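1. sequence and predicted model, in that order:
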Amino acid sequence: MKPYIDVILEKSEKYLHELFTDKQLKTLCSRIEYLKKENDKNVVVNSWIKEYIKFVKECYQSETKSDAKTDKFLHKKDDGVKVIWGNCLSVLKKMKSESIHLMVTSPPYYNAREYSHWKNLNDYLEDMRQIIREAYRVLDNHRVFVWNVGDIFDNDNLVVKSVWGKRRIPLGAYFIKIFEEEGFTFVDDFIWDKGEVQSERQKNGDKPYPFYQYPMNCYEHILIFHKHRLDYTRFPCPVCGCLQVNGNAFTEIGLKSWECKNPDCFQRSAANRGKRFSLKTLITQSRQGEAFAIDLDFIKKYRRDVVKISPVIKINSKGENTLGHTAPFPIDIPELAIKFFSYPNEIVLDPFGGSMTSVIAAHQNNRIGVGIELNKEMFRKSIIKNLNNNLGSKIKISELDDD
């Protein structure tokens with residue numbers, strides 16, 4: 001009896017030659033040689049699809065250069081966490097295309113800290129745009145970037161530089177526009193309710209009159225963006241494994257779907273239509289077993305898009321910063337991102353690592369946490385301490401200096 005992988009290859013031969021060079025096809029065939037010894041059709045189909053998707057990605061990655069040292073560091077398997085010291089834009093440019101499964105971060109806010117100052121708001125937004133553009137390339141296709149940012153009260157330095165230039169700057173709105181212009185799709189905005197207002201600023205209690213009363217900001221945005229790079233590459237039917245498929249409708253902007261046209265496919269609809277699918281469904285529907293289930297109480301917590309999360313208390317009773325970082329965010333935010341938008345053993349990257357909260361959350365949830373931090377001299381001691389305090393003194397911390 002002919003091995004089922006040979007049946008798949010015969011039915012897909014025309015399309016394989018259209019997609020790959022002879023050299024590439026030879027490499028792919030050598031990788032799946034082991035499937036000729038497998039008799040279970042479902043095992044063959046599932047293994048073939050995984051190998052195929054992996055190979056297609058490698059071919060796409062080969063179109064751009066990456067840094068071997070950075071690649072080795074990111075993909076070396078170990079039980080610890082990874083910290084890269086350097087400018088995140090420089091580091092991102094050295095990474096392979098579509099090699100990160102999830103990104104989650106809170107960027108440095110415009111002129112909000114002594115170590116993050118820009119001449120004006122436009123310069124700040126342009127720097128962030130460059131990083132978001134490179135992040136789009138590095139993030140795997142049909143994956144998610146979670147971006148936590150708050151609107152601020154400051155001078156944009158675009159018109160006047162005096163105190164009269166201070167205003168409410170809607171960073172959330174600006175970033176949504178930038179992300180969409182760089183190819184991402186805006187999906188959701190969780191409002192992080194930070195609790196009761198502590199400041200007296202803008203209260204104007206001595207002027208209880210119209211035009212003198214303004215609210216204090218007591219929330220931040222947790223913005224959810226999808227990456228759907230339009231890809232016309234044929235992908236195998238998840239039922240029969242063949243590339244004998246036709247293009248179907250788009251299920252989302254940039255998300256191409258397919259319909260199986262193999263008459264011998266194991267599954268046909270009542271109307272004799274083949275299986276309809278996309279690369280995204282190939283990824284997600286194969287991981288719907290108990291091992292990937294999210295706790296129902298956790299799902300319930302984020303059922304509403306306004307969620308109460310207590311801010312991080314970083315100053316103790318002695319006035320000491322216990323974290324050593326001026327802008328930590330709650331672990332709830334990366335935990336939300338990790339549980340909702342990644343799978344075990346995948347790579348979670350925080351481009352603005354800070355106190356490495358995202359890295360800690362990734363490790364606690366059986367993911368590979370990677371954080372990039374610019375200020376090694378300023379924050380290394382506190383970051384190592386924070387990682388040890390949260391993950392144990394024996395946690396392996398791998399470090400890489402970006403040259």
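-> Yep, that arrived.

2. OK, contacts around Pro351?
-> Cys88, Val91, Leu92, Met103, Thr105, Pro107, Ile131, Ala135, Ile372 (Cβ atoms under 8 Å, 6 or more residues apart in numbering). Where you see a C-beta, it was placed from the backbone N, CA and C, and this is true even at glycine.

3. okay, now the residue nearest to the fourth one when sequence neighbours are not counted: neighbour count?
-> To tie it back to what came earlier, the one meant is Met103. Of all residues not flanking Met103 in the chain, Phe145 sits nearest, at 4.4 Å (Cβ to Cβ, 6 or more residues apart in numbering). By the measure other Cβ atoms under 10 Å, the count of residues near Phe145 is 24.

4. Phe145 belongs to a strand?
-> Yes: counting by DSSP: H, G, I helix; E, B strand; the rest coil, Phe145 is found in a strand.

5. bridging residues for it?
-> Met103, Phe225 (DSSP bridges).

6. now the helices for the stretch 51-200 of the chain?
-> Assigned by DSSP state H, counting those that start in this stretch, the helices in the stretch 51-200 of the chain fall at 68-75, 88-93, 121-138, 171-181.

7. now distance to Lys308 too, for those, in JSON lines please.
-> Formatted as JSON lines, the helices of the stretch 51-200 of the chain follow (distance: least, Cβ to Cβ, whole Å):
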{"stretch": "helix 68-75", "distance to Lys308": "35"}
{"stretch": "helix 88-93", "distance to Lys308": "30"}
{"stretch": "helix 121-138", "distance to Lys308": "28"}
{"stretch": "helix 171-181", "distance to Lys308": "18"}
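
8. one step back: now, the most widely separated pair of the contacts of Pro351?
-> Val91 and Pro107 (14.7 Å; Cβ to Cβ).

9. out of the two, which sits in the busier spot?
-> Comparing Val91 with Pro107 by neighbour count (other Cβ under 10 Å), the higher total belongs to Val91, at 24 against 21.

10. next up, the contacts around that one.
-> Applying Cβ under 8 Å, 6+ apart, we find Val91 in contact with Thr70, Ile84, Pro351, Ile372, Asp402.

11. if we go to 10 Å?
-> 67, 70, 74, 84-85, 134, 138, 349, 351, 370, 372-374, 400, 402 (Cβ atoms under 10 Å, 6 or more residues apart in numbering).

12. most neighbours among these, which one is it?
-> Leu349 (31 neighbours).

13. how far off centre is the helix or strand where that residue lies?
-> Per DSSP states H and E, Leu349 falls inside strand 347-350. Put simply, strand 347-350 sits 7 Å off its chain's centre (Cα atoms, centre = their mean, to the nearest Å).

14. kindly report the same for stretch 235-243.
-> 27 Å.

15. same question, stretch 178-191
-> The answer for stretch 178-191 is 12 Å, by Cα atoms, centre = their mean.

16. and the helices of the stretch 51-200 of the chain, which is most packed in?
-> helix 88-93 (a mean of 20; mean count of other Cβ atoms under 10 Å).

17. mean confidence for that helix?
-> Averaged across helix 88-93, pLDDT comes to 98.

18. make sure Ala6 is actually in contact with Trp48.
-> Not quite, residue 6 is Asp, not Ala. No: using Cβ atoms under 10 Å, Asp6 makes no contact with Trp48, being 11.1 Å away.

19. what about these two, which has more around it?
-> Trp48 (22 against 12).

20. in three-state terms, label the closest residue to Val359 other than its chain neighbours for me.
-> Once flanking residues are discounted, Val359 sits nearest to Gly369: 3.5 Å by Cβ to Cβ, 6+ apart. Look at Gly369: counting by three-state DSSP, its state is strand.

21. in contact with the residue of the chain most remote from its centre, which residues?
-> Relative to the centre of the chain, the most outlying C-alpha is that of Asp206, 47.1 Å out, by Cα atoms, centre = their mean. Residues near Asp206 by Cβ under 10 Å, 6+ apart: Tyr212.

22. please enumerate the helices of the stretch 251-400 of the chain.
-> Counting by DSSP H, counting those that start in this stretch, the helices of the stretch 251-400 of the chain are 279-284, 296-301, 332-341, 357-364, 376-391.

23. could you export these as TSV, including mean pLDDT?
-> Shown next, in TSV, are the helices of the stretch 251-400 of the chain (pLDDT from 0 to 100):
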stretch	mean pLDDT
helix 279-284	95
helix 296-301	96
helix 332-341	98
helix 357-364	98
helix 376-391	94
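
24. Lys381: which of the helices of the stretch 51-200 of the chain is closest?
-> helix 88-93 (20.4 Å).

25. quick one on the thing from earlier: of all the helices of the stretch 251-400 of the chain, which one is nearest Asp22?
-> helix 279-284 (24.7 Å).

26. give me the contact list for the closest one.
-> 49-50, 52-53, 56, 101, 140-143, 226, 228, 231, 233, 235-238, 251-252, 255-258, 275, 278, 292, 343.

27. on that earlier part again, which single one of the contacts of Val91 is nearest to Val245?
-> Nearest member of those to Val245, counting by Cβ to Cβ, is Val138, at 28.7 Å.

28. got a pLDDT number for that closest one?
-> At Val138, pLDDT is 98.

29. same question, Lys166
-> So, for Lys166, pLDDT stands at 87.

30. gap between the closest residue to it other than its chain neighbours and Asn120?
-> In space, and not counting its chain neighbours, Lys166 is closest to Asn155: 4.9 Å by Cβ to Cβ, 6+ apart. Counting by Cβ to Cβ, to the nearest Å, the gap from Asn155 to Asn120 is 9 Å.

31. so what's in contact with the two at the same time?
-> What both Asn155 and Asn120 touch, as defined by Cβ under 10 Å, 6+ apart, is the set Tyr110, Asn111, Lys161.

32. least confident of those residues?
-> The minimum pLDDT among the shared contacts of Asn155 and Asn120 falls on Asn111, with 78.

33. for the nearest residue to that one once chain neighbours are set aside, grab phi and psi.
-> Of all residues not flanking Asn111 in the chain, His117 sits nearest, at 5.2 Å (Cβ to Cβ, 6+ apart). The phi and psi values for His117, taken as degrees, to the nearest 10, are phi -120, psi 140.
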